[in-house]
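> This is the structure alone, sequence omitted:
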């Protein structure tokens, strides 16, 4: 009873007290930052003094002072390039090469001996290599994928053709692999046809054997260069490309020196025919490949 009367008597105090506090806050809203010795210091003066103290502190800092040489470097924007397909393709190529090496160890030994010692039991090594049809077919497919990937890596790093093309990078990669495979398949069928028409089967078979022998070696030799070109960066990639082109040229020359023992008797009376054959069988397929790639992508 007593507490109820006390609340009724003091209820006006509880209502007026918040109003007085709110009024005081509104009245004192326009205040200065600091009042020193009765003088109001404006905010701008306080801000200038604070900035001056801040910069003077850093000016005397041993690591940030004026005596320290400041190096300004503009960082280049990092553009993300999706190379997932290239990464998995490299893993696939290495895996397939390892599996073939484990399944056909004798075939790879004969392949190495035939390349390193061309005069050692040439006919016997050739028969042993050609009799292993499965390994030959697998290595020919491996050659198409490896060379197609190498060409893709060269185009991707040394030009902007793939980046500016309307086709996706994966489609370009598959197209290059298919074109390399089709070119050498057509070349193989053409050599068979020429040998049958002109009745020079032994000559064309010997040349075909040397062509695909060097192709298999070339597919293995260029694979590390393709990996470096696909995932490397910097101007030193041009040096890697130059070394790869030099090795390719040496292997192509080696292919003709191997084949000269069989082709020499056929072309010994006409150098012009040999030159025409060289242009038709070697330069023309490469020119067609370059022309198709350029017309498709550009």
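Now that the structure is in, tell me what you want to look at. Keep in mind it's a predicted model, so treat the numbers as computed, not measured.

> which SS class is the closest residue to residue 163 other than its chain neighbours?
For residue 163, ignoring the flanking residues on the chain, the nearest one in space by C-beta to C-beta, 6 or more residues apart in numbering is residue 156 at 7.6 Å. To be clear about C-beta, it is placed using only N, CA and C from the backbone, and glycine gets the same treatment. The three-state label for residue 156, taken from DSSP: H, G, I helix; E, B strand; the rest coil, comes out as helix.

> Wait, residue 156 touches residue 230, no?
Yes: Residue 156 is in contact with residue 230 according to C-beta atoms under 8 Å; the separation is 7.1 Å.

> quick one on the thing from earlier: residues in contact with the residue nearest to residue 163?
Each residue near residue 156 by C-beta atoms under 8 Å, 6 or more residues apart in numbering is listed here: 162-163, 169, 229-230.

> Tell me which of the residues you listed has the lowest pLDDT.
Comparing pLDDT over the contacts of residue 156, residue 163 scores lowest. The value there is 77.

> Just the helices from this structure, written as ranges.
With helices called from DSSP state H, the chain shows them at 2-27, 43-59, 84-103, 105-116, 122-131, 133-158, 161-164, 169-197, 201-231, 237-267, 271-278, 284-297.

> Now render those as a markdown table, adding distance to residue 77.
Formatted as a markdown table, the helices of the chain follow (distance: least, C-beta to C-beta, whole Å):
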| stretch | distance to residue 77 |
| --- | --- |
| helix 2-27 | 50 |
| helix 43-59 | 30 |
| helix 84-103 | 21 |
| helix 105-116 | 47 |
| helix 122-131 | 52 |
| helix 133-158 | 19 |
| helix 161-164 | 15 |
| helix 169-197 | 20 |
| helix 201-231 | 20 |
| helix 237-267 | 21 |
| helix 271-278 | 48 |
| helix 284-297 | 25 |
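
> ok, of those helices, where does mean pLDDT dip lowest?
Per-segment confidence across these bottoms out at helix 2-27, which has a mean of 55 in mean pLDDT.

> got a pLDDT number for residue 67?
The model's pLDDT for residue 67 equals 64.

> Residue 173 contacts residue 89, doesn't it?
Yes: using C-beta under 8 Å, residue 173 makes contact with residue 89 at a distance of 7.4 Å.

> Need the overlap of contacts for these two.
Counting by C-beta under 8 Å, 6+ apart, the common neighbours of residue 173 and residue 89 are residue 149.

> Show me how the chain divides into domains.
1-30, 33-62, 84-297 (automatic domain parsing).

> Of the contacts of residue 156, grab the buried ones for PyMOL.
Typed into PyMOL, the line below selects the buried ones among the contacts of residue 156, using 16 or more other C-beta atoms under 10 Å:
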select buried, resi 162+169+229+230
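
> Turn the contacts of residue 156 into CSV, columns for distance to residue 208.
What follows is those, written out as CSV (distance: C-beta to C-beta, whole Å):
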residue, distance to residue 208
162, 33
163, 38
169, 34
229, 30
230, 31
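
> Of the contacts of residue 156, just say which sits nearest to residue 123.
Taking C-beta to C-beta as the measure, residue 229 is the one of those closest to residue 123, at 38.5 Å.

> Roughly how far does that closest one sit from residue 182?
When distances are taken as C-beta to C-beta, to the nearest Å, residue 229 and residue 182 turn out to be 23 Å apart.
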